[in-house]
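A.B. asks: Starting from these lines, generate the structure:
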Amino acid sequence: MTLTSALVQAEADPQYLGRVTSLTTLCTLGLAPALFPVAGVTAQIWGAAVFFAGCGVISLLAAALAVAVPALRHARLWLR
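C.D. replies: Residues are numbered from 1 along each chain as shown. Okay, the predicted model is just below:
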């Protein structure tokens, strides 16, 4: 998450940096409390193993996306 935030801040237009940062923060931290009940219901109905396997699948899809998209694969952090 730290690397992603740094890449977003490096690529965002300076005039929109605050808006972009607030949106990414909302998506990563702000939605977590709203999704906790979904995680609990999923673990109760199908079990914790299924929940964690689903989380693993989502992580693997994100990694595959990062490898498959050239703009993400070649992203660099440069000191300005």
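
A.B. asks: What is the neighbour count of Val41?
C.D. replies: As a burial measure, the neighbour count of Val41 was computed by other CB atoms under 10 Å and equals 11. To be clear about C-beta, it is placed using only N, CA and C from the backbone, and glycine gets the same treatment.

A.B. asks: who touches it in this structure?
C.D. replies: With contact set as CB atoms under 8 Å, 6 or more residues apart in numbering, Val41 has no partners.

A.B. asks: Contacts only, for the residue nearest the centre of the chain.
C.D. replies: Closest residue to the average C-alpha location of the chain: Thr28 at 6.2 Å, with CA atoms, centre = their mean. In this structure, Thr28 makes contact with Met1, judged by CB under 8 Å, 6+ apart.

A.B. asks: how much space between it and Gln44?
C.D. replies: Distance check for Thr28 against Gln44: by CB to CB, to the nearest Å, it reads 25 Å.

A.B. asks: try Arg19
C.D. replies: 38 Å.

A.B. asks: Repeat that for Trp78.
C.D. replies: In terms of CB to CB, Trp78 sits 47 Å off from Gln44.

A.B. asks: of those two, who's got more company?
C.D. replies: The residue with more neighbours, out of Trp78 and Gln44, is Gln44; 10 against 5, by other CB under 10 Å.

A.B. asks: for the host helix or strand of Ala64, packing partners?
C.D. replies: Assigned by DSSP states H and E, Ala64 belongs to helix 48-68. Here helix 48-68 touches helix 32-46, helix 70-73, going by 3 or more CB pairs under 8 Å, 6 or more residues apart in numbering; DSSP states H and E.
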